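# Got a sequence here, can you build the structure:
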Amino acid sequence: MTRVLLLATHNQGKVREFAGLFSQLPIELRSLAQVEPTLSVVEDGATFEANARKKAREIALATGMLVLADDSGLEVDALGGQPGVYSARYAGPNASDAANNSKLVAALRDVPEPQRTARYRVVLALADPHGPLGDTVHVEHGTCEGRLQLEPRGEHGFGYDPYFVPAGHTLTMAELPAAEKNQLSHRAQAARHIARFLAQYLTRGRIPEPGQP
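Model prediction:
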C-alpha cells in the first residue's frame, strides 16, 4: 500500500533528489508547496539536528501526515565551521543562492586552495505522531567531505554545489550526473539509511528494531 510522505521543504532541488533516492519505496512524495504552502517553522536551533527534529515534529502535528524534514549546510574549516546552520541565509534572511555564494567566495578570496576544506552535513528527521512512531522522531546523519573553489562550474544541483568539489573528485557537485551525486552526497548517505528504515516501517507497521535487516 502506497503512503504519502510529506517533504518539509519548498526547495524543488531537494524534492527532485529525494524522488530519485526513494524511487523504490511504496510512497508518494509531496512537498509543502503542494500541501501547505504557507506553513513554516522557525529554524532557531543551534544544530542541524535540532532544526530537523523541530521541523519534522511541528509539521507532522500540523498536517497529520508522515513527514520527512532535513536541515543541512556547508561547514568551512577556514571560516570556523561557518556558514553551518545559517547556510541558507548566510547573506541574510531570504538570501538567494547567488548572494550566499558571493559572500562565501569573498570570505575565501585570500585563503589558499589547500586550506579551503569543507564538508556538506545533513540531518534527516522522520516524524509520524499519529502512527507507530508516536512521539519519537527518527534521525539519520550524512556527511560529504570536499574542498571549495572560487569559480562556479556546472549547471546541476543547487546551493553551494557549483563551488563544492567532493573529496577524490575533480568535478563540482553541480557538474556530477545525478546518478553519481546520489551515490556520494551527504543527503544520499542519510537518505539510504532513512529508506531502509522506511521500508520496514511501512511494511511492518511498527518501529524497526535496531540491527534488523
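
# what about whichever helix in the chain runs longest, average pLDDT?
When the chain is parsed with DSSP state H, its longest helix is helix 186-204. Over the span of helix 186-204, the pLDDT mean works out to 90.

# List the contacts of that helix.
3, 5, 14, 17-18, 21-22, 24-27, 68, 70, 72, 119-124, 126, 128, 132-133, 138, 140-144, 181-182, 207-208, 212 (C-beta atoms under 8 Å, 6 or more residues apart in numbering). The way it works is simple: take the backbone N, C-alpha and C, and place the C-beta from them, glycine included.

# can you do 6 Å?
Residues outside helix 186-204 that contact it (C-beta atoms under 6 Å, 6 or more residues apart in numbering): 3, 17, 21-22, 25, 120, 122, 124, 140-144, 182, 208.

# which one of those has the most neighbours?
Highest neighbour count within the contacts of helix 186-204: residue 124, with 27 neighbours (other C-beta atoms under 10 Å).

# Just the CA trace of the one helix or strand that one maps to, in CSV.
Secondary structure assigned from DSSP states H and E places residue 124 in strand 117-127. Backbone C-alpha positions of strand 117-127 (Å, rounded to 0.1, in the frame of the first residue of the first chain) are rendered in CSV as follows:
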residue,chain,number,x,y,z
THR,A,117,38.5,22.3,3.0
ALA,A,118,34.8,21.9,3.8
ARG,A,119,32.0,19.5,4.2
TYR,A,120,28.3,19.2,3.5
ARG,A,121,26.4,18.0,6.5
VAL,A,122,22.8,16.9,6.8
VAL,A,123,20.4,15.5,9.4
LEU,A,124,17.1,13.9,8.2
ALA,A,125,14.3,13.6,10.7
LEU,A,126,11.2,11.4,10.2
ALA,A,127,8.0,12.1,12.3
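
# What residues of it count as buried?
The neighbour-count check on strand 117-127 (16 or more other C-beta atoms under 10 Å) flags 117, 118, 119, 120, 121, 122, 123, 124, 125, 126, 127 as buried.
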